[in-house]
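Enquirer: Here is my input, please return the structure:
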Amino acid sequence: MDVTERTSLIRGFRPSNDNAIEESGLLGTRRGCTNINRFEIIFLIVGVLAAVATDTLTIIRLIYVTEYVGTTDSDFAYGILILVNSLFLLLFLITGILYQRISDITAFVISAVMLTIYVIAHYVARRKDGDSTDAKIRLVRLIFTIVFNMCFIPLAILVIKDYHRDEFSKRLFGAFPEARRPLRTYNTFDCIARINTMFSISTLILNLYNFNDLKAVDIILLPVGIPVAFLWLAFGIGMVRLESRKLVVVFYCISICQPAFLAYALYSAIEYSPPPPVSIRTASTTSTTITQPSSTSTANSTLWSTSTVSSTPWSTSPLPALVSVPGALYVCMGINFVTHILSLIFGYLCVHNFGKDLKQRVFNNRFDKWFQSKITS
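Expert: Next up is the predicted model:
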């Protein structure tokens, strides 16, 4: 038996606490699965089940919205946002557990609570519409949301309390807090950058559904803006992993695009947002009508007026959207701007930490080495 075989055999028989930091994942060195506690596994399972249940019910509801109202309804836009945010929540949950990141778990819990508040408020606002299929879907979604929250919120508290010991980074960098600072800074930067990407996509979608005279421009911005947002995130993570000054320049150059888009979205929302309806939607089995003031565009009437719709489970709903599209758009733009500034600040702090063993201890797998050779060649 040669040295390589003996080393592999010894490594295979090490206890869990010895091989906890020897598993190299796509996002860097991570904890071994045998080193993850039982309550963390339960927390992961509950979170995944909650996301799957929420997404399934949201997709079912989107099918009904598409069939009876159309894709131009604001509820369709909010359904798409729930699906997008659920995917990011799953990513926060998985990376938070595998890489023992308090920032990711905290972002997951806060986002899940905000989503729960929306589900509860949406059900309460539409509770009078109790006979339609949509009402039954909302009720089932509410029950699932409450049950899963009762399970994973206490588990999240246990996980965050356990992560405060910072055992994983201590095994990587030692007991000195100063040595562990580059990893904590990167974890915060990565979390904020992903939150910013999530709200960038949300802003692009809501900007498209804020129907106005610039609809043609908004349609072009959506398929262009989403890839740019993901490229910005990839360059941000890549510049830290590879400690590449070239990627730093590219990252900060692409960062200019986001304030430019936010300025455009804010201007179009203020100047061209359709006015709110001036009368209450009437319930009828044959038609639903909303009166609105004169508008500068026929596209504006798509969101606020409906004429002669055949009897459907949706025609008896007496309420408009829970949150207006312009209002939600302003919130997303505000969060987007704040997280973008924070991303640039923490990105600079990560660049300042170049050469402090982060790349050697965390980002040193085959992919990193291959990509590093391509960047330097």
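Enquirer: which of the residues in whichever strand or helix holds Ile270 are buried?
Expert: Per DSSP states H and E: Ile270 is located in helix 257-272. Neighbour counts over helix 257-272 (16 or more other C-beta atoms under 10 Å) mark 257-258, 261-262, 265-266, 268-269, 272 as buried. Any C-beta I mention is one placed from the backbone N, CA and C, and that applies to glycine too.
Enquirer: ok, Gly174 - how many residues close by?
Expert: A count of nearby residues for Gly174, using other C-beta atoms under 10 Å, gives 11.
Enquirer: Can you pull the phi/psi pair for it?
Expert: Phi and psi for Gly174, reported as degrees, to the nearest 10, are phi 100, psi -180.
Enquirer: Could you pull up the mean pLDDT of stretch 343-363?
Expert: In this model, stretch 343-363 has a mean pLDDT of 91.
Enquirer: what's the span of that stretch from first residue to last?
Expert: This stretch, stretch 343-363, spans 20 Å end to end (C-alpha to C-alpha, to the nearest Å).
Enquirer: can you pull the buried residues of that stretch?
Expert: Buried-residue list, stretch 343-363, by 16+ other C-beta under 10 Å: 343-344, 346-347, 350-351, 353-354, 356, 358-359, 361-363.
Enquirer: ok, back up a step: counting by contacts, list what the helix holding Ile270 packs against.
Expert: Where contact means 3 or more C-beta pairs under 8 Å, 6 or more residues apart in numbering; DSSP states H and E, helix 257-272 is packed against helix 177-209, helix 215-242, helix 325-352.
Enquirer: how far does the second one sit from the chain's center?
Expert: The one in question is helix 215-242. Centroid separation for helix 215-242 versus its chain: 14 Å, with C-alpha atoms, centre = their mean, to the nearest Å.
Enquirer: which element follows it toward the C-terminus?
Expert: helix 245-254.
Enquirer: circling back: highest mean neighbour count out of the helices and strands packed on helix 257-272?
Expert: helix 177-209 (a mean of 22; mean count of other C-beta atoms under 10 Å).
Enquirer: what packs against that helix?
Expert: Using 3+ C-beta pairs under 8 Å, 6+ apart: helix 177-209 touches helix 74-98, helix 102-125, helix 167-173, helix 215-242, helix 257-272, helix 325-352, helix 358-361.
Enquirer: I'd like to check the angle between the fifth one and helix 215-242, please.
Expert: Going by axes from the mean of the first three to the mean of the last three C-alpha atoms, to 10 degrees, helix 257-272 is angled at 160 degrees with respect to helix 215-242.
Enquirer: Now name the helix or strand holding Val46.
Expert: Per DSSP H and E: helix 38-68 holds Val46.
Enquirer: got any ranges where this structure has weak pLDDT?
Expert: Counting by pLDDT under 70, the chain has low-confidence residues at 1-26, 128-131, 210-214, 273-324, 375-377.
Enquirer: Report the residue ranges of every domain in it.
Expert: For the chain, the structural domains run 32-165, 169-277+320-377, going by automatic domain parsing.
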